[in-house]
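S.K.: Build me a structure from this.
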Amino acid sequence: MTTHDEFSNNGFVSLVGAGPGDPDLLTIKGLKAIQAAQVVVYDRLVSEEILALADANVEMIYVGKQLDFHCVPQDQINRILLEKAQQGKRVVRLKGGDSFIFGRGGEELEELASFGIKYEVIPGITAAAGATAYAGIPLTHRDHAQSVQFITGHVQKDGREIEWHSLAQSNNTLVFYMGLKQSAYISQKLLAAGLAATVSCAIIENGTRSEQRVFTGLLKDLPSMAEQAISPALIVVGEVTKLHDKLKWFNQSNTEC
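M.R.: You can find the predicted model right below:
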């Protein structure tokens, strides 16, 4: 167990959201932090183009996670950030999307704060906003949805179940992060909670990247749609997904599904 006395108070950590994939969606403030960093601790979904923005002499530490495999456990990531900051380094903790939306950024900052480490948070465009925009799917629309909810497809840390009935009864857009493997379960639970089988839905694979693909269909078909897609992918449930065919603009020269 690490104690506060093991470290002196110096160093600085920038928690930077890298955006959903397209390197041009990185914020200017995020770019400045990366260019000033002495250490970059980065995740799997951060693009090579963004990593290349760092100084050639920067220390690069990969701590990426992927489905069913954690390269570096979360407590070890916390330890790396603490140690590098307490060595007096300017550290960038670089995450895909936005660090405060299913990115465990809050957990990492809690650890840093408990040791008196100074830090800043630089938001990024979250995958739900970026991927749907590039797919021509507005998250809200006066004719289709007045609100949007972001839901993790992973099991809650304390084992709690999602409030499926509440999701099914609301007239909004549902966006499931990290839900591709759980697509059959998501579909089953929403149908059992009363959502119509004919509600439109979409899966956006590699959103905002050149290899982006979009699959559209009905809620009852979600499991078969998921079989065609690969991670990283978002599941979007709601009538706004019907607008994809009309509003799609990105990557139109490539094959659309």
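
S.K.: what comes up buried for stretch 189-207?
M.R.: 189-191, 195, 199-207 (16 or more other Cβ atoms under 10 Å). Where you see a C-beta, it was placed from the backbone N, CA and C, and this is true even at glycine.

S.K.: Tell me how far it lies from the chain's centre.
M.R.: Stretch 189-207 sits 19 Å away from the centroid of its parent chain (Cα atoms, centre = their mean, to the nearest Å).

S.K.: just stretch 160-179 next, same as before
M.R.: Counting by Cα atoms, centre = their mean, stretch 160-179 comes out at 17 Å from the chain centroid.

S.K.: and that stretch, which residues are buried?
M.R.: 162, 164, 167-168, 170, 172-179.

S.K.: And the strands in the stretch 151-257 of the chain?
M.R.: Along the stretch 151-257 of the chain, counting by DSSP state E, counting those that start in this stretch, strands occupy 173-177, 200-205, 213-218, 233-237.

S.K.: Helix, strand or coil: sort out the closest residue to Gly17 other than its chain neighbours for me.
M.R.: Sequence neighbours aside, Gly124 is the residue nearest to Gly17 in space, at 2.0 Å (criterion: Cβ to Cβ, 6 or more residues apart in numbering). Gly124 falls in the coil class when you classify it by DSSP: H, G, I helix; E, B strand; the rest coil.

S.K.: okay, now Gly124: neighbour count?
M.R.: Look at Gly124: counted by other Cβ atoms under 10 Å, it has 28 neighbours.

S.K.: From Ser166, how far out is it?
M.R.: Distance, Gly124 to Ser166, by Cβ to Cβ, to the nearest Å: 28 Å.

S.K.: before we move on, back to that, list the contacts for the residue nearest to Gly17?
M.R.: 16-19, 25-27, 30, 95-99 (Cβ atoms under 8 Å, 6 or more residues apart in numbering).

S.K.: now swap in Thr173 and tell me
M.R.: Contacts of Thr173 (Cβ under 8 Å, 6+ apart): Leu139, Thr140, His144, Ala145, Ser147, Val148, Gln149, Val236, Val237, Gly238, Val240.

S.K.: Wait, the first one touches Val240, no?
M.R.: Read it as Leu139. Yes. Using Cβ atoms under 8 Å, Leu139 is in contact with Val240, at 6.7 Å.

S.K.: where do the contact lists of the two overlap?
M.R.: With Cβ under 8 Å, 6+ apart, Leu139 and Val240 have common neighbours Ala145, Thr173.
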